[in-house]
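> got a sequence here, can you model it:
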Amino acid sequence: MEADDRLMSALARHERSRDIAALVARVEAWIDREGMTRGGPAGAFPGAETDELVERALLLGVDAVRGVRRKSGDAYAVHPIRAAWTLVDVVGAPGLPAKALAYTLIHDALEEGDGKRPEPRARLDRAVPGASLGRVCALLTEPVVAVDVPGIAAPVVTTAAFALQVQRERDPALATAVLADKIDNTLDLDYLRGETEGDGLRHAAAKRLGHARFLGAALAGQAPGALVDLLDAVVRYQMGRFDVSAAIIQERASRYARTMQDREGELCRAVEAWQATLGLAPR
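Next up is the predicted model:
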């Protein structure tokens with residue numbers, strides 16, 4: 001499937017958010033009825049190889065963000081499930097590790113929901129023995145680092161540190177989950193139109209598109225090529241919709257890349273210090 005075909009498929013998937021919202025409701029009803037100790041609704045990911053890890057990740061991911069909504073108005077759990085569906089469409093069952101699907105389903109469990117509960121990381125780690133889901137969720141959360149780069153805003157440093165953190169894990173499933181998340185977030189930019197307009201709208205869109213372009217380039221060696229191509233196609237699609245030039249996107253993406261390259265040693269130490277505060281031992 002070519003990148004443009006994948007883009008059309010991803011757009012169609014985005015239009016089917018109501019189907020996913022219905023799935024979220026079924027998962028929540030399952031949890032209320034059966035608890036967290038069983039597999040979960042069958043057939044959530046048609047055509048994909050699923051196992052206990054994926055089934056438990058579906059339950060954990062939905063339960064973690066109950067009551068949380070995205071700026072689009074969707075129940076938050078629609079986002080990770082939609083990203084996981086895109087993974088199945090793009091990568092395909094034979095080439096998609098079950099843990100990449102699982103990581104995508106729980107990638108925001110700490111940042112958006114479960115982090116508000118007591119011992120959230122330990123709870124996730126206990127959910128599937130040996131799977132280290134709490135550790136994975138912590139790695140999929142942008143690190144809190146304090147590195148001063150003259151002329152560079154703190155969010156740029158944070159994103160560069162996040163990309164470095166994922167790169168250093170050398171886990172294709174982790175990189176795959178990051179790009180699946182970024183594809184869905186980049187498709188979901190229409191909320192910006194309600195927040196700003198004119199040049200401000202283009203500026204807001206450019207920030208997010210430059211962020212996506214950078215992450216695609218930074219993780220291109222670890223995530224499936226089809227996913228990298230789709231992210232690039234989504235960025236180009238949104239550039240047209242928001243009237244953002246290629247030069248602006250490239251300049252913003254380069255800013256992230258320069259920060260990561262110029263400060264790699266300093267960023268590495270900052271990331272390691274942040275991970276140490278969470279008790280995350282290196283692999």
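
> C-alpha only now, for contacts and for neighbours.
OK.

> how many residues are close by the closest residue to Leu105 other than its chain neighbours?
Nearest non-adjacent residue to Leu105, counting by Cα to Cα, 6 or more residues apart in numbering: Pro80, 5.0 Å away. Neighbours of Pro80 under the rule other Cα atoms under 10 Å: 27.

> tell me both backbone torsions, phi and psi, for Pro80.
When quoted as degrees, to the nearest 10, the phi and psi of Pro80 stand at phi -60, psi -30.

> how about the contacts made by it?
Gly61, Thr104, Leu105, Ile106, His107, Asp108, Asp181 (Cα atoms under 8 Å, 6 or more residues apart in numbering).

> give me phi/psi at Arg69?
The phi and psi values for Arg69, taken as degrees, to the nearest 10, are phi -120, psi 150.

> returning to what we had before: what about the residue nearest to Leu105, distance to Ala180?
Plainly put, Pro80 is 9 Å away from Ala180 if you go by Cα to Cα, to the nearest Å.

> could I get the contacts of Pro80 as a markdown table with distance to Tyr237, pLDDT and neighbour count?
Listed next are these as a markdown table, based on distance: Cα to Cα, whole Å; pLDDT from 0 to 100; neighbours: other Cα atoms under 10 Å:
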| residue | distance to Tyr237 | pLDDT | neighbour count |
| --- | --- | --- | --- |
| Gly61 | 29 | 90 | 26 |
| Thr104 | 23 | 95 | 32 |
| Leu105 | 25 | 93 | 30 |
| Ile106 | 27 | 91 | 31 |
| His107 | 25 | 91 | 25 |
| Asp108 | 25 | 90 | 24 |
| Asp181 | 17 | 96 | 23 |
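
> what is the neighbour count of Ala21?
Around Ala21 there are 19 other residues, counting by other Cα under 10 Å.

> same question, Glu142
The local packing of Glu142 (other Cα under 10 Å) involves 18 other residues.

> over to Ala180?
Neighbour count of Ala180, defined by other Cα under 10 Å: 26.

> which ones are touching it?
Here Ala180 is in contact with Ala83, Ala84, Thr86, Leu87, Thr104, Leu227 (Cα under 8 Å, 6+ apart).

> filter those down to the buried ones, ChimeraX style.
Those of the contacts of Ala180 that count as buried under 16 or more other Cα atoms under 10 Å are selected in ChimeraX with:
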select :83,84,86,87,104,227
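
> farthest-separated two in the contacts of Ala180?
By the measure Cα to Cα, Thr104 and Leu227 form the most distant pair in the contacts of Ala180, at 13.2 Å.
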